[in-house]
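Visitor: Sequence unavailable; structure follows:
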């Protein structure tokens, strides 16, 4: 996935190289030749944000986040045409003001029509990123109907991550990465 780190103005506590372009999941860190694997979290005081462009070949796109300690996997499934971007942000004990008080770790994964949380004018004037629009217009007095699904699975301790998600015959299937890949399955009414 083509990805980009937020500009330096995002935070003075970034541990990723601002404005750097990279291929998910290995982002350039701020120290010389450091590479940060964004699939996992690490210790330290930092605040980061990166935007990922989802594969244009996908009809249904997804984000997947797991908590290995709890054995839980959360998967969001949506039409890639509706949400071409995924933002990955972390706040790790760096912000002093409430509610953080340098004690809080938070991580968010958000699917979106835009790569960064810029004001509308900036989103429009920044142009395309990786050949993709960075905003979406709706004509006056129009509406858009957007649907997505949230799936939750129990996963084994040795789960290797999500390779892909497929929807068929009233089921959502999560396909694990690797040669001995397992499939997780849940019933799902047609929604896309």
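Guide: In hand now; what should we look at? Quick caveat, the model's predicted, so the values are computed rather than measured.
Visitor: Residue 170 and residue 29, how far apart?
Guide: Using C-beta to C-beta, to the nearest Å, we find residue 170 at a distance of 44 Å from residue 29. C-beta here means a position set from N, CA and C on the backbone, and glycine is covered the same way.
Visitor: neighbour count winner among those two?
Guide: In terms of neighbours (other C-beta atoms under 10 Å), residue 29 is the more surrounded of residue 170 and residue 29; the figures are 17 against 10.
Visitor: Pull the contacting residues for that one.
Guide: Contacts for residue 29 were tallied using C-beta atoms under 8 Å, 6 or more residues apart in numbering; they are 15, 16, 17, 35, 36.
Visitor: do the same with residue 90
Guide: Contacts of residue 90 (C-beta under 8 Å, 6+ apart): 41, 46, 47, 48, 49, 105, 106, 107, 108.
Visitor: Tabulate those residues in JSON lines, adding columns for pLDDT.
Guide: Below are the contacts of residue 90 laid out as JSON lines (pLDDT from 0 to 100):
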{"residue": "41", "pLDDT": "85"}
{"residue": "46", "pLDDT": "88"}
{"residue": "47", "pLDDT": "89"}
{"residue": "48", "pLDDT": "93"}
{"residue": "49", "pLDDT": "94"}
{"residue": "105", "pLDDT": "84"}
{"residue": "106", "pLDDT": "86"}
{"residue": "107", "pLDDT": "89"}
{"residue": "108", "pLDDT": "89"}
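Visitor: How many residues are close by the closest residue to residue 59 other than its chain neighbours?
Guide: Nearest non-adjacent residue to residue 59, counting by C-beta to C-beta, 6 or more residues apart in numbering: residue 80, 6.4 Å away. Neighbour count of residue 80, defined by other C-beta under 10 Å: 17.
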